[in-house]
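Enquirer: Okay, predicted coordinates and the sequence, questions at the end:
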2 protein chains.
Amino acid sequence: MNQPGESLRDRKKRRTRAALERATVRLAAERGYDHVTVEEIAAEADVSVRTFFNYFASKDEALIGADPEAGPRMAERILAAPDEVTPFEAYRSSVLAEITDELNNARDLWLLRKEVLMQRPDLLLRAFANSAESEQLLANAVGQRAGLPESDMYPRLLVAAGSTAFRCAVTRWALDDNVALGDLVGEALDLFGTGLAHVPPHHREGGS
Amino acid sequence: MNQPGESLRDRKKRRTRAALERATVRLAAERGYDHVTVEEIAAEADVSVRTFFNYFASKDEALIGADPEAGPRMAERILAAPDEVTPFEAYRSSVLAEITDELNNARDLWLLRKEVLMQRPDLLLRAFANSAESEQLLANAVGQRAGLPESDMYPRLLVAAGSTAFRCAVTRWALDDNVALGDLVGEALDLFGTGLAHVPPHHREGGS
DNA sequence: TGCAAAGTTGCAGAGACTGCAAAACAATCC
DNA sequence: GGATTGTTTTGCAGTCTCTGCAACTTTGCA
């Protein structure tokens, strides 16, 4: 019994991780992030505290539910893009694809996260504190594509701009309901693409 | 005895803060960041552990020595810039001014920090985890200058690009000795200014 | 069924960080 | 100088996150 897709083991792991993520977000939204202990989260997910830390390196990480495979997945997408695509475009679409997927699979969780982030905007920044490794991975992919030496700042800047775009988009998104998060990320990335030297023209009020 | 500049109290506070910052960096460089406890740092600075936490919200913060007045100072500089200066330029020069000052006053500390960051690059990202408040402050200043509503992402993006530029510049700087940190930050900011859509032309090897 | 690999758990412990109330200290007023 | 007031430092008790380790349970496979 070793189906190409998933073994029992893998399925269980995914479910445990999802349960922990969900428990964290749900409880945090319900009674405030720091009035929830890891002990309670683990209990809610029917698992020991020790197991919680086997899945997430920190409580912060569980709140955002950082998928450990997201980094590698994006890196692969970047390298797999056709040759004529610029590194920027390759990176941009890999980020957007990842986010679109995520939102399609867990929109409800993001709505709860929004509740939490509206109370504690600082958590969003903190949640990225442990992503140095992914950043490095992605920067290498971008660097490779662009044919730049490791000393060049461009890949690092581009990748960091990506997290930043996401971060700012979420912050903006938490202000009201009238915009799609995916669009905001795209918009932010475009601003980084075209440059911040000049203030962009105003967007129409009321969308459409 | 209440000289315009500084009272005895203020002077003592500054010295304690500096001592804690220095002790943190020195010990971390010497024996590795997480083989140093706050208890040891406090002892080195001749002060109680509790006092350490009166000055810094976390060990991470002490390592970078985030100056609580840096945010307000930069915000003020941004607002004080002449009218014909673009928000980007106002922000850019306020960042560079701050960094230049910092490097002039504490170059030796930064050299030690470099040691630490070469071992543990992830600490740099973590060190920014608690600067949400400053970011908000600066974003407001930029937003005000640019005459943008709070919902516009531009100010947040610009400010976040600033921390990112600094972060990447430090990472790059830690690779070798041949460049000035201030220049790297400027370079990174310029890239954000002109846009990341295209890979920038290569810099000449060997400077000049 | 039985073995090996992977995952879970409890436990003990280190260490970061907080709130509180007492003590030490500096600035100010008479 | 001495009393008064506002700040800073300190100790202490306690909570919580997070880690290493060793035992135990479950799954994958022959």
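Expert: Good, I have the coordinates. All values reported here derive from a predicted model rather than from experimental measurement.
Enquirer: The host helix or strand of residue A:98 vs chain B: in contact?
Expert: Taking DSSP states H and E as the criterion, residue A:98 maps to helix A:87-119. Yes - legend: contact between helix A:87-119 and chain B by Cβ under 8 Å from any Cβ of the partner chain is shown at A:87-88. Yep, even glycine has a C-beta here, placed from its N, CA and C like the rest.
Enquirer: low-scoring stretches of chain A, by residue?
Expert: A:1-5, A:202-208 (pLDDT under 70).
Enquirer: Tell me the helices and strands packed up against the helix or strand following the helix holding residue A:98.
Expert: Next in sequence after helix A:87-119, counting helices and strands by DSSP H and E, comes helix A:122-127. In terms of contacts (3 or more Cβ pairs under 8 Å, 6 or more residues apart in numbering or on different chains; DSSP states H and E), helix A:122-127 is packed against helix A:59-64, helix A:87-119, helix A:154-173, helix B:132-146.
Enquirer: Including mean neighbour count and distance to DNA strand D, could the ones you listed go into TSV?
Expert: Below are those laid out as TSV (neighbours: other Cβ atoms under 10 Å in any protein chain shown; distance: least, Cβ to the nearest atom of the strand, whole Å):
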stretch	mean neighbour count	distance to DNA strand D
helix A:59-64	22	4
helix A:87-119	18	14
helix A:154-173	24	19
helix B:132-146	20	17
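Enquirer: what's the residue closest to the geometric middle of chain A?
Expert: residue A:66 (6.2 Å; Cα atoms, centre = their mean).
Enquirer: nearest residue to it other than its sequence neighbours?
Expert: Among residues not flanking residue A:66 along the chain, residue A:131 sits closest, at 6.8 Å (Cβ to Cβ, 6 or more residues apart in numbering or on different chains).
Enquirer: likewise residue A:14?
Expert: In this structure, residue A:14 finds its nearest non-sequential neighbour in residue A:6, 7.6 Å apart by Cβ to Cβ, 6+ apart.
Enquirer: cool, and residue A:117?
Expert: Spatial nearest neighbour of residue A:117, chain neighbours left out: residue A:174 (5.1 Å); criterion: Cβ to Cβ, 6+ apart.
Enquirer: Is it correct that that neighbour is in contact with residue A:120?
Expert: No - using Cβ atoms under 8 Å, residue A:174 is not in contact with residue A:120, being 10.6 Å away.
Enquirer: And these two? Which one has more around it.
Expert: residue A:174 (18 against 15; other Cβ atoms under 10 Å in any protein chain shown).
Enquirer: ok, that one to residue B:128 distance?
Expert: Distance check for residue A:174 against residue B:128: by Cβ to Cβ, to the nearest Å, it reads 20 Å.
Enquirer: can you check residue A:8 too?
Expert: In terms of Cβ to Cβ, residue A:8 sits 41 Å off from residue B:128.
Enquirer: before we move on, what about residue A:129?
Expert: From residue A:129 across to residue B:128, the span is 8 Å (Cβ to Cβ).
Enquirer: same deal with residue A:123?
Expert: 14 Å.
Enquirer: Which one of these two is surrounded by more residues?
Expert: residue B:128 (23 against 20).
Enquirer: Excluding residues flanking it in the chain, which one is nearest that one?
Expert: residue B:163 (5.6 Å).
Enquirer: ok so, going back, any figure for the gap between the residue nearest to the centre of chain A and residue B:163?
Expert: To residue B:163, residue A:66 is 20 Å away according to Cβ to Cβ.
Enquirer: now do residue A:176
Expert: For residue A:176, the distance to residue B:163 equals 25 Å [Cβ to Cβ].
Enquirer: Same question for residue A:78.
Expert: Taking Cβ to Cβ, one finds residue A:78 at 24 Å from residue B:163.
Enquirer: With residue A:178 instead?
Expert: 28 Å.
Enquirer: Same check on residue A:149?
Expert: Distance from residue A:149 to residue B:163, by Cβ to Cβ: 24 Å.
Enquirer: Return the residues in contact with residue A:189.
Expert: Contact partners of residue A:189, counting by Cβ atoms under 8 Å, 6 or more residues apart in numbering or on different chains, are A:92, A:95-96, A:161-162, A:165.
Enquirer: one more time with 6 Å
Expert: A:92, A:165 (Cβ atoms under 6 Å, 6 or more residues apart in numbering or on different chains).
Enquirer: of the helices and strands packed on helix A:122-127, which approaches residue B:45 most closely?
Expert: helix B:132-146 (24.3 Å; Cβ to Cβ).
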